[in-house]
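**Q** Predicted coordinates and the sequence they were generated for:
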Amino acid sequence: MESIKRYYPNIEIEDYTTENIEGALINNYIMLVGKIMHFSPLNMRNFLKKYLMKFEIQNLKQIIISLIIGRTQEEMRRDINFLAEEYLDNTDLIEKLLKVTTLDEIQILLKRTLYNVAIREGLLYLKKNKEIFVLEAFLDQLYYKHLQLQLQNLNKDEKTIISLFVKYKTEIYNLNLIYRGITNNVERSLLKQFLVHNYLFLDEGKLEYLLNLTNLNDFVSTVEIYFRNIAEIKAFFIIFKIDQKHLIRSIEEFYISYYFKKFKIKIDNIAYFTIFKILEVLIIKEKEIRFEILPKIIKINHKRFR
């Protein structure tokens, strides 16, 4: 744990469980985003607020799941990231949501927010089918659609770098959605409506083909074939291999490497450089937490309690 504090000096961990360490690391990450927002120009600041929406969406999922399984308000509060809500100016809304006792009350409270349709349709499906996947998918899709919409407010230099960031993030979302659909045998017509139409390497036709596959081996081999046949990344992809054990992680690492290679050649442009460095810090820190620190913590805690 001391090795973590060396790189995250302000991190506060009360109990060294995996959940608490993860929460503390995410809080530290959100604090970093907040600091960057403070010194960023208006367009970048607005984009970063939309970027932080994913933590608010996680809060909403936690509240809904907690209500379903009957957790107490005190238990719910422990899993809510209030720092994200501070940056999004939504602390009051989350406090109200934490006091509700039914799913209908959640729908009423969110009626005048951007979550209205996603929550309404997701809860309707949940009540009819006792399945939360659709509600989560509606919220995740909403997040990537809003990132895409935010691009309209950027200037030319900002859009050049940030649009590629959003596209690669969205493509990972689409691939993960299809992967989960194959793994859990989700009805394909249902799954299709949650794809986000913002493409980088895999257009609508390729995604639909992947969507109709029935096993993971075919999914992996088809994605690899697609990547090897794209001229821009063909040589680059040879270096990488999709790891089926950590499938989405290995795909994401490929996209991250591609993104950095794409723009490091342009850092002599000062406008590009500033935006690139902001996104570089966010990408590297998130990758460090998700792919390096947390897997090690899980492994250590697993050994402790085995």
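**A** Now that the structure is in, tell me what you want to look at.

**Q** For the rest of this, base every contact and every neighbour count on C-alpha atoms.
**A** OK.

**Q** buried stuff in the helix or strand where Glu56 lies?
**A** In the assignment (DSSP states H and E), Glu56 maps to helix 53-69. For helix 53-69, burial by neighbour count (16 or more other CA atoms under 10 Å) applies to 53-64, 66-67.

**Q** Please identify which of those is nearest to Phe219.
**A** Lys54 (26.8 Å; CA to CA).

**Q** For whichever helix or strand comes after the helix holding Glu56, enumerate the helices and strands it packs against.
**A** Per DSSP H and E, helix 53-69 leads on to helix 73-78 as the next helix or strand towards the C-terminus. Counting contacts by 3 or more CA pairs under 8 Å, 6 or more residues apart in numbering; DSSP states H and E, helix 73-78 is packed against helix 53-69.

**Q** picking up where we left off before, chain center to the helix holding Glu56: distance?
**A** Helix 53-69 sits 14 Å away from the centroid of its parent chain (CA atoms, centre = their mean, to the nearest Å).

**Q** Which positions within the longest helix anywhere in the chain qualify as buried?
**A** Counting residues, the longest helix found in the chain (DSSP state H) is helix 156-184. Buried residues in helix 156-184, counted by 16+ other CA under 10 Å: 158-159, 161-179, 181-182.

**Q** Pull out the buried positions in the helix or strand following that helix.
**A** Per DSSP H and E, helix 156-184 leads on to helix 188-192 as the next helix or strand towards the C-terminus. Using 16+ other CA under 10 Å as the test for burial, helix 188-192 gives Arg188, Leu191, Lys192.

**Q** Export those to JSON lines and append columns for distance to Asn229 and pLDDT.
**A** JSON lines is the format used below for the buried residues of helix 188-192 (distance: CA to CA, whole Å; pLDDT from 0 to 100):
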{"residue": "Arg188", "distance to Asn229": "26", "pLDDT": "92"}
{"residue": "Leu191", "distance to Asn229": "26", "pLDDT": "94"}
{"residue": "Lys192", "distance to Asn229": "24", "pLDDT": "95"}
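
**Q** Pipe the residues you listed into JSON lines and attach distance to Phe133 per row.
**A** Formatted as JSON lines, the buried residues of helix 188-192 follow (distance: CA to CA, whole Å):
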{"residue": "Arg188", "distance to Phe133": "13"}
{"residue": "Leu191", "distance to Phe133": "10"}
{"residue": "Lys192", "distance to Phe133": "13"}
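
**Q** Name the nearest of the residues you listed relative to Glu131.
**A** Looking across these and measuring by CA to CA, the closest to Glu131 is Leu191, at 13.5 Å.

**Q** check contacts around the closest one.
**A** Neighbouring residues of Leu191 by CA atoms under 8 Å, 6 or more residues apart in numbering: Leu177, Ile178, Gly181, Leu211.

**Q** Can you list the low-confidence ranges for this structure?
**A** Scanning the chain for pLDDT under 70 picks out the ranges 1-16, 236-239, 264-268, 300-306.

**Q** switch to 50 and redo it
**A** Under the criterion pLDDT under 50, no range of the chain is flagged.

**Q** And the most centrally placed residue in it, how close does it get to Asn81?
**A** Nearest residue to the geometric centre of the chain (CA atoms, centre = their mean): Lys54, 6.0 Å. Per CA to CA, to the nearest Å, Lys54 is found 11 Å from Asn81.

**Q** Fine, thanks again, bye for now.
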